[in-house]
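Student: generate coordinates for the sequence data below:
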Amino acid sequence: MPVIDYINDHKHTRIITWDVSESNEEMLEYLQLKDYRVEKFHNLRPKQAREYLGLRACLKKLDLDYDVLYDERGKPYLPTNKEISITHSYGLVAVGVSEFNIGIDIELSRPKKILNIKHKFARADEIEWIPKDEEIEFLHIIWGIKEGLYKLNGGNLWNFLNHYRIEEFDLIENKPIVCWISDEVKSRKYHAFYKIVNEHYLIWVLDYE
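Tutor: Numbering: from 1, shown residues only. The predicted structure follows:
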């Protein structure tokens, strides 16, 4: 079964990335889902059904046989003391669990698109320290961090330009990147990390301040 990446810091955070390349029948054979989960699978649209199988596969590898629940904001949670975040992109599904509040994002490298939308998420004070010859890489990571902050914060409809800020960082995998969520009265610091996985940028943001 194609687990293509597994992050385990042996302390507080684990992330599984799964390439859902098997047939539905192969996935169902592997998962051996309970009847009510099989019924849920059959009631989903094809794309959502594939993502659901990927989610269940990641949870199985993480030894977390729980149903994922969602609060009133749509933020996922588990009936346990572990925090969870879920992301998917072009057949990949990644699930992160942590003792800390966590937000994860996985994005396929798409240079043309990221340049076209950079004005929507990259602040002027972020763009000024991005090396021009590495702009594509930095923009993908900044986008992923802000998506992670959005998920970690429960999907509040805050503006990526006004409320999320990334401090200058180097392109070093697994090295902490300081980032912030701010509103009119306060700011809170978070720590983000990235890793390249099969031409995707995997980002995770943790709240351990």
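Student: quick check: phi and psi at E99.
Tutor: phi -70, psi -20 (degrees, to the nearest 10).
Student: list the contacts of it.
Tutor: Shown in contact with E99 (Cβ atoms under 8 Å, 6 or more residues apart in numbering): H12, T13, N81, K82, E83. (Each C-beta comes from the backbone N, C-alpha and C, glycine too.)
Student: hang on, the fourth one packs against L64?
Tutor: Read it as K82. Yes. Between K82 and L64 there is a contact under Cβ atoms under 8 Å: 7.2 Å.
Student: quick check: neighbours shared by the two?
Tutor: In contact with both K82 and L64: V97, using Cβ under 8 Å, 6+ apart.
Student: circling back: filter the contacts of E99 to the buried ones?
Tutor: Buried members of the contacts of E99, counted by 16 or more other Cβ atoms under 10 Å: T13, K82, E83.
Student: the last one contacts I104, correct?
Tutor: Read it as E83. No. With contact defined as Cβ under 8 Å, E83 does not count as touching I104 (10.6 Å).
Student: domain assignment for this protein?
Tutor: 3-99, 105-207 (automatic domain parsing).
Student: let's have those in a markdown table, adding mean pLDDT.
Tutor: Formatted as a markdown table, the domains of the chain follow (pLDDT from 0 to 100):
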| stretch | mean pLDDT |
| --- | --- |
| domain 3-99 | 93 |
| domain 105-207 | 93 |
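Student: surely K175 touches H191?
Tutor: No. Counting by Cβ under 8 Å, K175 stays clear of H191, with 10.0 Å between them.
Student: SS state for G103?
Tutor: Put simply, G103 is strand when judged by DSSP: H, G, I helix; E, B strand; the rest coil.
Student: can you report how many residues neighbour it?
Tutor: 29 (other Cβ atoms under 10 Å).
Student: that one against G154, yeah?
Tutor: No. Counting by Cβ under 8 Å, G103 does not reach G154; the two are 9.4 Å apart.
Student: name the single longest helix found in the chain.
Tutor: helix 135-152 (DSSP state H).
Student: what's that helix packed up against?
Tutor: Under the contact criterion of 3 or more Cβ pairs under 8 Å, 6 or more residues apart in numbering; DSSP states H and E, helix 135-152 touches strand 83-89, strand 101-108, helix 111-121, strand 164-166, strand 177-182, strand 187-197, strand 200-207.
Student: most tightly surrounded among these?
Tutor: Mean neighbours per residue, mean count of other Cβ atoms under 10 Å, is largest over the helices and strands packed on helix 135-152 for strand 200-207, with a mean of 24.
Student: who does that one pair up with?
Tutor: strand 101-108 (antiparallel), strand 187-197 (antiparallel) (DSSP bridges).
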